[in-house]
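Peer 1: coordinates for the following, if possible.
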Amino acid sequence: MKNYLLFLSLVPTIAFGGYSKPQLIARQMYTDAWNAPDSMWCFSGEPAIQNNEIFLNCFDGESNLMAKWGKNGYEVVARAIDDQIFSKPVNSFGKVSFYEFNEFSIQRSYVASEELQKIEIRNLGPMAESTDSFLPYTTDSFFFKSKGDVPQLWIWKNDEVKSFFNPMAAYIFSPQVGPEGEITIKTRDLHLGEDAPDKLWLYFNNEWKVVLEDRDANPASPWKSFRHQLVIEGNKILTIANDGSREVLLLVTPNGTQTIATAGVELKSFDYFSPKMRAGTILVRGEDFEGNKVTYVKDEGPFRKLISQGDIVHTDRAAARVYYQSRDAIFYGAPGIDERGNVVLQATLTDADHPATLLGIGIIKFNKE
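Peer 2: Residues are numbered from 1 along each chain as shown. Predicted coordinates:
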């Protein structure tokens with residue numbers, strides 16, 4: 001590892017549209033992995049980054065685990081018990097949080113700052129209903145979703161539970177929380193069919209407000225539909241919406257909407273993964289007009305490519321190319337953004353000159369210039 005880091009220090013830094021060249025954090029592989037154990041895989045995870053530490057939900061032959069790459073290199077932060085799994089980690093209140101759950105209910109919560117805090121969940125209220133999405137509400141409390149006949153949100157603090165929000169919907173999609181406890185949810189009214197009315201809610205400054213509706217909810221809406229993959233920062237929500245003819249990457253606020261990019265104009269299409277937004281930086285996965293898989297970025301500069309299928313990444317083994325024979329397995333999950341706009345993502349790497357030679361899945365970081 002020391003020799004590889006020395007090699008990186010000798011390679012000149014090249015700006016990638018406001019970002020440094022890609023830096024390999026770890027390489028996952030069956031054997032001969034680098035800065036990670038052999039046969040540990042994180043391709044179903046999404047990274048959260050805080051204070052130069054990268055958290056990523058992974059699994060190995062033993063269990064689901066939360067991995068961390070930081071000043072001490074690779075570490076296992078926590079292991080899930082039995083057949084339970086970890087949620088993706090999230091950034092809120094300057095900390096990284098995640099929870100452990102099974103198919104029916106939330107079991108325990110974790111908050112990582114200087115030390116890992118483990119919280120056993122013994123009470124989730126009086127209802128005998130399945131629950132999920134245990135997310136930070138304040139610095140010392142959480143909110144979660146019950147999934148009964150009348151789904152709603154609840155606040156949990158020290159094993160005491162109280163009602164938080166009931167939108168009187170048929171379904172509440174997975175809530176998303178922002179860096180200071182702001183919340184967004186998508187709801188579906190009346191029934192679960194695609195023709196049911198959909199609404200986008202914002203919780204900001206202690207107030208719930210509908211900020212977007214589809215045409216089934218409001219016939220005057222310009223939006224035929226919008227996806228349930230959401231991200232929130234402050235009073236801004238990022239989603240992908242469809243006007244009936246094409247999809248757009250849409251920034252939603254209480255005062256209106258702003259189109260960031262349009263399928264058929266800046267790119268061919270959007271992939272079906274959550275966009276990301278933090279520290280004034282927006283990321284989204286998609287496909288360009290040449291048919292290449294791409295992760296795009298929008299910050300103070302234009303909407304542009306950050307990394308594309310076919311790009312070169314220097315590794316501990318050799319120069320590698322972002323490539324795989326199955327195009328749907330070139331990038332994995334959604335990327336992560338830290339408090340400075342630095343980016344971490346996962347991509348499949350092959351030998352630059354021999355694409356049939358798989359080098360593994362790289363955890364790759366771009367530093368904001």
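Peer 1: okay, and for this structure, where does confidence drop off?
Peer 2: 1-16, 126-128 (pLDDT under 70).
Peer 1: where along it do the helices fall?
Peer 2: 2-10 (DSSP state H).
Peer 1: show me the contacts for I183.
Peer 2: Neighbouring residues of I183 by CB atoms under 8 Å, 6 or more residues apart in numbering: L135, F143, P175, Q176, V177, L202, Y203, I232. Glycine gets a C-beta too; all of them are placed from N, C-alpha and C.
Peer 1: whoops, I mixed them up, L24
Peer 2: Y4, W34, V313, H314, T315, D316, G362, I363, I364.
Peer 1: please enumerate the strands of the stretch 1-150 of the chain.
Peer 2: 23-28, 48-50, 53-59, 64-70, 73-79, 85-86, 90-92, 95-101, 106-112, 116-120, 131-138, 141-146 (DSSP state E, counting those that start in this stretch).
Peer 1: the fifth one pairs with which strands?
Peer 2: This means strand 73-79. Applying DSSP bridges, strand 73-79 is found paired with strand 64-70 (antiparallel).
Peer 1: quick one on the thing from earlier: list just the nearest of the contacts of I183 to L251.
Peer 2: Closest to L251 out of the contacts of I183 is I232 (10.8 Å), distances taken as CB to CB.
Peer 1: neighbours around the closest one, how many?
Peer 2: I232: 24 surrounding residues under other CB atoms under 10 Å.
Peer 1: and it, what does it touch?
Peer 2: Counted by CB under 8 Å, 6+ apart, I232 has contacts Q176, V177, G178, E182, I183, T184, L202, L238, M277.
Peer 1: any idea how far D82 is from the first one?
Peer 2: Distance of Q176 to D82, computed by CB to CB, to the nearest Å: 28 Å.
Peer 1: out of these two, which sits in the busier spot?
Peer 2: Each of Q176 and D82 has its neighbours counted (other CB under 10 Å); Q176 has more, 22 against 8.
Peer 1: pretty sure the more buried one is touching R227, no?
Peer 2: No - between Q176 and R227 there is no contact under CB atoms under 8 Å: 12.0 Å.
Peer 1: end-to-end on stretch 278-292?
Peer 2: Length of stretch 278-292, first residue to last, CA to CA, to the nearest Å: 25 Å.
Peer 1: also stretch 248-266?
Peer 2: Start-to-end span of stretch 248-266 (CA to CA) is 10 Å.
Peer 1: list the buried residues in it.
Peer 2: V248, L249, L250, L251, V252, T257, I260, A261, T262, A263, E266 (16 or more other CB atoms under 10 Å).
Peer 1: swap in stretch 309-316?
Peer 2: Q309, D311, V313, H314, T315, D316.
Peer 1: and of those residues, the nearest to E115?
Peer 2: D316 (30.9 Å).
Peer 1: who touches the closest residue to A48 other than its chain neighbours in this structure?
Peer 2: Excluding its sequence neighbours, the residue lying closest to A48 (CB to CB, 6 or more residues apart in numbering) is P89, at 3.7 Å. Counting by CB under 8 Å, 6+ apart, P89 touches E46, P47, A48, F55, L56, N57, M66, V96, S97, F98, A112.
Peer 1: wait, F366 sits on G18?
Peer 2: No - assessed by CB under 8 Å, F366 is found out of contact with G18, at 9.3 Å.
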